[in-house]
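>>> got a predicted structure plus its sequence, pasted below:
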Amino acid sequence: MKRTLSVLLILLVSGVSVFAKAKQEGATGGTVVKIGVTGEELVAAWETAAKALEKDGIKIELVNFSDYAVPNRALADGDIDLNAFQHDAFLQDEIKNHHYEIAAAGNTALFFLGVYSHKIKSLDELKNGDTVVIPNDTTNGGRALKVLEAAGVFTVDPSKGNTPTVRDIVSNPKNIKVVEVDASQTWRNLDDPQVAAGVVNSTFVVDAGRVPSEEAIYIKPIDFVGDKPYINLIVARIKDKDNPVYKKVIAAFQSDAVARVITDEPPLKGTALPAW
């Protein structure tokens, strides 16, 4: 749901071309902290945190990216101050591949990962040779395969841990075809006549105007031990991890008021848990 916020400016962007504008608009009145996000699932949570920060003269600007590949680069380049869109497994993969000097500064939430379909009501209805789409990045794709395994669709090589690939499927009784697509396209692919179901990050379900807990045909139960790599984070540049303003921002997010937004209010109700 779109919101008009007095202290929370949401910029819908697909790249970094609007950063100069963002800096200009945030140049007056208080300390502005620009936070990179993807989608709108945590907008209400950040709105609640922003209200708590008013007394400290801190304002939050959310810079909303449409692509998971951009927020870490924007953070490393200094175009934003923090980001809050990724789990630890994704962060570590990004650092390994791009050598970003960034690190986790605090936890936000642990999101359920669900399976969705516009054609079937249960994964038991999958037919021999049906197609299922999953995200194509290593960490979300691996987690998606583990979700489908938990649902009984197929099994994967246990030696691959949390990051199996399609090649690691070892038993596939219904010969399910797994197609990897960009995470942002998984929801849209559900309209493809050839796609029976898909594993979709809740970000894109919410952006489609749906409530994940109401739409999913299967959601893997949360396991805080096994799912620890998938806890979402607030990330900072390493040199800024101890910035006192950023610490106040993180503390404001990690509050009882924000926890209630995550657990009790749509669109996250039933699909995420506070993880601090």
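Structure's in. What do you need?

>>> hang on, Val63 packs against Asp81?
No. Using CB atoms under 8 Å, Val63 is not in contact with Asp81; the gap is 9.6 Å. For glycine as for every other residue, the C-beta is placed from the backbone atoms N, C-alpha and C.

>>> and for these two, which residues touch both?
Common neighbours of Val63 and Asp81, using CB atoms under 8 Å, 6 or more residues apart in numbering, are 34-35.

>>> pLDDT wise, what is Ala22 at?
Predicted confidence (pLDDT) for Ala22: 35.

>>> same deal with the one 10 residues further on?
Among the per-residue scores, Val32 holds a pLDDT of 98.

>>> please apply the same query to Pro266.
85.

>>> same deal with Gly209?
On pLDDT, Gly209 comes in at 89.

>>> identify the residues contacting it.
Contacts for Gly209 (CB under 8 Å, 6+ apart) come out as none.

>>> cool, Ile262 as well?
Counting by CB under 8 Å, 6+ apart, Ile262 has contacts 45, 109, 268, 272-274.

>>> CSV for those residues, including neighbour count, secondary structure and distance to Asp191?
Output for the contacts of Ile262, formatted as CSV (neighbours: other CB atoms under 10 Å; DSSP: H, G, I helix; E, B strand; the rest coil; distance: CB to CB, whole Å):
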residue, neighbour count, secondary structure, distance to Asp191
Ala45, 24, helix, 29
Ala109, 26, strand, 28
Leu268, 24, coil, 24
Ala272, 23, strand, 25
Leu273, 17, strand, 30
Pro274, 19, strand, 33
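
>>> can you put those in TSV and add distance to Asp192?
Below are those laid out as TSV (distance: CB to CB, whole Å):
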residue	distance to Asp192
Ala45	32
Ala109	30
Leu268	27
Ala272	27
Leu273	32
Pro274	35
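
>>> pull the most distant pair out of those residues.
Distances among the contacts of Ile262 were taken as CB to CB; the most separated pair is Ala45 and Leu273, at 12.3 Å.
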